[in-house]
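> Curious how this folds, go ahead:
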Amino acid sequence: MIHTRIAVTAASITTACRAVHPTLLSTKSLTHLPIANAFRAATCSRQLHVNSTVDIIPEKHFNVVFDIDGVLIKGKEVLPGTRTALGLLKSNNVPYIFLTNGGGLKEVDKAEQLSKKIGMHISPRQLILSHSPMRELVSKYEDKNVMVVGGNGSDCRHVAQYYGFKHIVTPEEVHSVFPYVCPSSACEARSVPLAEKYLQNVHRPVEAIMVFHDSVDWGRDLQVMLDALVSRDGYLNTVKTQAELHTTKQTVPLFFSNSDLVWSNEHPNPRFAQGTFRTCLERIFKDMTGQKLEYTLYGKPMSATYQYAETVLNKIAPIHRGPDGKPRRRTVYAIGDNPYADIAGANAYGWESVLVRTGVFRPEGEENHHMHPATTVVDDVEDAVRWIISKEIMKEHPF
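Residues are numbered from 1 along each chain as shown. All right, here's what the predicted structure looks like:
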């Protein structure tokens, strides 16, 4: 394999543009050109190898933020163009991070998992999971007993401990101590003895509930969470009177790591996600108490998650300063497949949004999403990155 470095000047780009697309010089934006032609015009090569060391952007005043499911990966498969897209950014030294509403593992473990799947090194510093911003809750709940919900086995318990929460209880542990909590036979079969050190917090009051990841046992988890929400001062196996349920305020704070109703995998239709689980809990709580369930949301499209992402970008991306010495405002491009999460969040936070057709978004005759229109819509992640690079080249050399 031969790795090459191409010296690209404004003149050479102009020559290439004239050769490939004569009308480009009078075009202020590449958004009206086909993606392939736009990038051909900017780089004079649509077939740049993923491992090439081509550096075609003289100034990098921009960053790229990737969603994962439906953009880079679908179920167990890596989507076409993923490695090429990441390789183009890496070879051009463009800082990028991953911002996903997925989770259930520590960032270091998820980064290792993603690296193996994609075949490229992903640093934990580049990865923001749905529950990553919930680290900020440690300062308030570090010494309090929190119920952690979601994920497989004790994975989310380990994440919470890694973040710094000291006292944790899970629905699985509650069920292990009180088998009658979930009386269905299928649920009883999943009740397994757990280490004694994990069970001591079952008898302490629940002082907050934190849903770190999608539930793998909706019936059990909804039941145990509701038990805590209608309990007296968070003590499980206690319950307020009917009058109290309908007149007193919710006393156990509730946090969800994301609001996605659905997500995309190999199935032709989107699958239920944490937002659907939350909707079920809201309806049950409303029917039982007559009151609206109160909770705090993290994940996309919530602003707290984008603020957290901004701090991560500040740590990995160099600060560029103008002639006056002041930091130059950088452009952030967010690539996603879910208009209600990825695109809505990016638009609200002032980022450029790129919507791909490989995941949740189903065009169905519309070029863009009717409610949350993206800056541009492309077929896949490779086209998204090529569009971004070509746009940035045009900024530097507006012919």
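
> which ones are touching residue 169?
145, 146, 147, 148, 201, 202, 204, 206 (Cβ atoms under 8 Å, 6 or more residues apart in numbering). For every residue, glycine as well, the C-beta is placed using N, CA and C.

> For it, give its distance to residue 257.
Residue 169 sits 17 Å away from residue 257, going by Cβ to Cβ, to the nearest Å.

> Residue 168 now?
If you go by Cβ to Cβ, the gap between residue 168 and residue 257 works out to 15 Å.

> More neighbours: which of these two?
Neighbour totals were compared for residue 168 and residue 257, and residue 257 leads with 29 against 20 (other Cβ atoms under 10 Å).

> Surely the more buried one and residue 274 touch.
Yes: taking Cβ atoms under 8 Å as the definition, residue 257 is a contact partner of residue 274 at 6.9 Å.

> Mutual contacts of the two, please.
Joint contacts of residue 257 and residue 274 (Cβ under 8 Å, 6+ apart) are 101, 130, 150, 211, 213.

> Narrow these to those that are buried.
Among the shared contacts of residue 257 and residue 274, the ones that count as buried by 16 or more other Cβ atoms under 10 Å are 101, 130, 150, 211, 213.

> Confirm that residue 362 lies within a helix, as I assumed.
No: Residue 362: not assigned to a helix; according to DSSP: H, G, I helix; E, B strand; the rest coil it is coil.

> and it, what pLDDT?
If you check residue 362, the pLDDT there is 82.

> same deal with the one 10 residues further on?
On pLDDT, residue 372 comes in at 97.

> measure residue 113 to residue 120 for me?
Taken as Cβ to Cβ, the span from residue 113 to residue 120 is 13 Å.

> These two - which one has more neighbours?
Shown here are residue 113 and residue 120; by other Cβ under 10 Å, residue 120 has more neighbours (15 against 12).

> in the helix or strand encompassing residue 226, what counts as buried?
Here residue 226, judged by DSSP states H and E, is contained in helix 218-229. Buried residues in helix 218-229, counted by 16+ other Cβ under 10 Å: 220, 221, 222, 223, 224, 225, 226, 227, 228, 229.

> Could you single out the nearest of these to residue 264?
Minimum separation from residue 264 among the buried residues of helix 218-229 (Cβ to Cβ) is found for residue 221, which lies at 22.9 Å.

> picking that back up, among the contacts of residue 169, name the buried ones.
Of these, these count as buried by 16+ other Cβ under 10 Å: 145, 146, 147, 148, 201, 202, 206.

> For those, give me JSON lines that also has distance to residue 356.
Shown next, in JSON lines, are the buried ones among the contacts of residue 169 (distance: Cβ to Cβ, whole Å):
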{"residue": "145", "distance to residue 356": "42"}
{"residue": "146", "distance to residue 356": "36"}
{"residue": "147", "distance to residue 356": "36"}
{"residue": "148", "distance to residue 356": "32"}
{"residue": "201", "distance to residue 356": "43"}
{"residue": "202", "distance to residue 356": "44"}
{"residue": "206", "distance to residue 356": "40"}
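
> which residues in the stretch 51-200 of the chain form strands?
Using DSSP state E, counting those that start in this stretch, the strands of the stretch 51-200 of the chain run over 62-66, 73-74, 77-78, 96-99, 127-128, 145-149, 167-169.
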